[in-house]
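Student: 3D, please:
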Amino acid sequence: MACMISDEMLGTFVPVLVYWAYSGLYVLVGSFDKYRLHSRKEEEAKNSASKGKVVVGVLVQQAFQIAVSLLLFTMAPKAEATTAKPSILVVGLQFAVAMLVLDTWQYFIHRYMHINRFLYRHIHYKHHSLIVPFAYGALYNHPLEGLLLDTVGGAISFLVSGMTPRTAIFFFSFATIKTVDDHCGLWLPGNPLHVLFSNNSAYHDVHHQLYGGKYNFSQPFFVVWDKILGTYMPYSLERRKDGGLEARPAKD
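Tutor: Residues are numbered from 1 along each chain as shown. All right, here's what the predicted structure looks like:
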């Protein structure tokens, strides 16, 4: 008899597996310099955290993420208690609400971590030690930041949207893909996420540069709060002499 895995367990562990699988694809693509937003030489020179340290840091954050997720699903109503499966329209609405809630939470927490010097120096700087972002460094954060920004933000979006654990499997897997994509440090032609969202790898790369630290706080989906609150920095993609593209502040 086949062993059935609950939606709660899948909602907890599938996004973690998606993170490493999707990051692995970008590691392979990153060997093609023509798609990189920064050269490999620049990555080695500017990033102060080693690749091994990044892997360990991400695994620590994901351990917290798993613990909170299991606790959240334990407290939430069980999927079996629902008399009918939600329609596609309801699921779409739940996705939209969760995206807006997550964006709002992350914008204001993220921005405050830049404004508050103590929080930036002791908490958020760990993420910005990767001046040149790469895919599997997307969740390289201080554990407190990972818990507050990503894990708690995800829990709030889940609860406010009213989605079921089954819907959460797809939403958090999608949010994971989007976060990895934003930090991949690559600009791939025909990337559908770049077509659907203005908040993309180049947009977030600007934020990771020294000149962009006070701009482009929005993540992971929209740029609405940046535009409303005056922290939006437009950019242009220009070819580098050594190959690849570079996101530079747009000229007035």
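Student: low-confidence stretches in this structure?
Tutor: 1-3, 76-83, 251-252 (pLDDT under 70).
Student: may I have the residues that are in contact with Tyr203?
Tutor: Contacts for Tyr203 (CB atoms under 8 Å, 6 or more residues apart in numbering) come out as Asp182, Asn216, Val223, Tyr235, Ala247. Just so you know, the C-beta spots here come from the backbone N, C-alpha and C atoms, and that holds for glycine as well.
Student: may I ask which helix or strand encompasses it?
Tutor: Tyr203 belongs to helix 201-208 when assigned by DSSP states H and E.
Student: buried stuff in that helix?
Tutor: Ser201, Ala202, Tyr203, His204, Asp205, Val206, His207, His208 (16 or more other CB atoms under 10 Å).
Student: could I get those as TSV with distance to Arg117?
Tutor: Putting the buried residues of helix 201-208 into TSV (distance: CB to CB, whole Å) gives the following:
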residue	distance to Arg117
Ser201	28
Ala202	28
Tyr203	25
His204	22
Asp205	24
Val206	22
His207	18
His208	19
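Student: where do the strands sit along the stretch 151-252 of the chain?
Tutor: Counting by DSSP state E, counting those that start in this stretch, one finds strands in the stretch 151-252 of the chain at the ranges 235-239, 245-249.
Student: which element is Arg111 on?
Tutor: Using DSSP H and E, the element containing Arg111 is helix 88-115.
Student: following the chain onward from that helix, which element is next?
Tutor: Once the chain leaves helix 88-115, the next helix or strand it forms, by DSSP H and E, is helix 117-119.
Student: returning to what we had before: how far does the helix holding Tyr203 sit from its chain's centre?
Tutor: Put simply, helix 201-208 sits 12 Å off its chain's centre (CA atoms, centre = their mean, to the nearest Å).
Student: quick check: angle from it to helix 88-115?
Tutor: 20 degrees (axes from the mean of the first three to the mean of the last three CA atoms, to 10 degrees).
Student: from the contacts of Tyr203, pick the one nearest His142.
Tutor: Asp182 (18.7 Å; CB to CB).
Student: the closest one and Ser201 touch, don't they?
Tutor: Yes: if you go by CB atoms under 8 Å, Asp182 and Ser201 touch, sitting 5.7 Å apart.
Student: please consider this matter closed, and thank you.
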